[in-house]
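>>> dropping the sequence and predicted coords here.
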Amino acid sequence: MSMQPYLLAAEGLNKSFSGFQAIRDLNFALEKGELRTVIGPNGAGKTTFLDLITGRTKPDSGTLHFEQTHDLLRMNEYQIYRLGIGRKFQTPTVYTDHSVRENLLLSLAGSRSIWHSLVGRVKREQEERMDEILQTIKLTERAHAKAGSLAHGQKQWLEIGMLLAQDAKLLLVDEPAAGMTDEETHRTGELLLSLAGKHTIVVIEHDMTFVRQISQGRIVTVLHQGNVLCEGAVDKVQNDERVIEVYLGRKKKAA
Ligand SMILES: Nc1ncnc2c1ncn2[C@@H]1O[C@H](COP(=O)(O)OP(=O)(O)OP(=O)(O)O)[C@@H](O)[C@H]1O
């Protein structure tokens, strides 16, 4: 057992939508530097769980703490964002008319206003940070291209770069491989792996080839009906009878 304090800890979370329980007595703990993949069949509660972390939705009961001392349930969405919890949605939300570099600049922590970011003097350390991020997301050569002209995969990488520019301590990444070619998917996996350790990341994903790529030696969490069905190494969860059952929708044998 590691002695690391948890970066994020959820205990006994419940959330119902007009009688339908989307999250059910959910416990989840994440250590700093982890790259955690969360899988589960449609409707398992994955998106709702991210909504609870970012404050978009409030639970009916339970506790949710960040860096132990921050009670996320007492904070609003903006406060949680300012705390360093960044989210990348499935569809890219970049400023299409601005360059890749400007998109990063707009996200840089400490940028005062959009106007100021674009017309004001860019500090040397900001330049260096952007160069570093451009290299990380492999878009150095596209730095001055309009974000709208990027390929789908590149837009997703730019968005991950924008989370890095925000200095997000926790990156929530929702189905990054959706709509990507196999090669883009593989490169996205490499990008996330290069960030692990330095950053803490939660990835929600369906593509099992991708999940296997990014979760070697790490923990995978399987959600089902709003609860953790199984957690552990990817081989363990893929061979777990209960996991196979919920994915294949096999009926339980009568006892
Ligand atoms: N705002 C809402 N109002 C009503 N029901 C909701 C709401 N949000 C989610 N639900 C329901 O809660 C359940 C869990 O949804 P959620 O989107 O969290 O699952 P998911 O694991 O992300 O699924 P998918 O893989 O399909 O994205 C679904 O049955 C959904 O219909």
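Perfect, thanks for sending it.

>>> alpha carbons only for contacts and neighbour counts from here, please
Fine.

>>> state the next helix or strand along the chain beyond the helix or strand bottoming out on mean pLDDT in the chain.
Sorting the helices and strands of the chain by mean pLDDT, DSSP states H and E puts helix 114-119 at the bottom, at a mean of 59. Next in sequence after helix 114-119, counting helices and strands by DSSP states H and E, comes helix 124-136.

>>> which helices and strands sit right next to whichever helix or strand comes after that following helix?
Going down the chain from helix 124-136, the next helix or strand is helix 152-165, by DSSP H and E. For helix 152-165, the packing partners by 3 or more Cα pairs under 8 Å, 6 or more residues apart in numbering; DSSP states H and E come out as strand 85-88, helix 100-107, helix 124-136, helix 182-195.

>>> now the angle from the following helix or strand past helix 152-165 to helix 152-165?
The element immediately downstream of helix 152-165 (helix or strand, assigned by DSSP H and E) is strand 170-174. Angle, strand 170-174 to helix 152-165, by axes from the mean of the first three to the mean of the last three Cα atoms, to 10 degrees: 160 degrees.

>>> quick one: strand 170-174 to helix 182-195, angle?
160 degrees.

>>> okay, strand 170-174 in PDB with CA atoms only?
Extracted C-alpha coordinates of strand 170-174, given in PDB (Å, rounded to 0.1, in the frame of the first residue of the first chain):
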ATOM      1  CA  LEU A 170      -6.400  16.800 -12.500                       C
ATOM      2  CA  LEU A 171      -7.200  16.300 -16.100                       C
ATOM      3  CA  LEU A 172     -10.600  14.700 -16.900                       C
ATOM      4  CA  VAL A 173     -10.600  13.300 -20.400                       C
ATOM      5  CA  ASP A 174     -13.800  12.100 -21.900                       C
END
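
>>> could you see whether the ligand lies near it?
No: judged by Cα under 6 Å from any ligand atom, strand 170-174 makes no contact with the ligand; its nearest approach is 9.0 Å.

>>> how far is that strand from where the chain is centred?
With Cα atoms, centre = their mean, to the nearest Å as the basis, strand 170-174 stands 1 Å off its chain's centre.

>>> S16 should be in a strand, yeah?
Yes: the assignment for S16 by DSSP: H, G, I helix; E, B strand; the rest coil puts it in a strand.

>>> for it, list the residues it contacts.
Residues in contact with S16 (Cα atoms under 8 Å, 6 or more residues apart in numbering) are 22-23, 59-60.

>>> out of these, who's nearest A165?
P59 (29.5 Å; Cα to Cα).

>>> where are the low-confidence patches of the stretch 151-255 of the chain?
Of all residues in the stretch 151-255 of the chain, those with pLDDT under 70 make up the ranges 250-255.

>>> rerun that using 80 as the cut-off
Along the stretch 151-255 of the chain, segments meeting pLDDT under 80 span 248-255.

>>> please list the residues of it that sit near the ligand.
Near the ligand, when you scan the stretch 151-255 of the chain using Cα under 6 Å from any ligand atom, you find nothing.

>>> ok, how many other residues are close to I80?
Neighbours of I80 under the rule other Cα atoms under 10 Å: 21.

>>> rewinding a little: so which of the helices and strands packed on helix 152-165 comes closest to D174?
The nearest among these, by Cα to Cα, is strand 85-88 at 6.1 Å.

>>> contacting residues around the closest one?
With contacts defined as Cα under 8 Å, 6+ apart, strand 85-88 is touched by 54, 159-160, 163, 166, 168-174.

>>> same thing but 6 Å
Under the contact criterion Cα atoms under 6 Å, 6 or more residues apart in numbering, strand 85-88 has outside partners 163, 168, 170-173.
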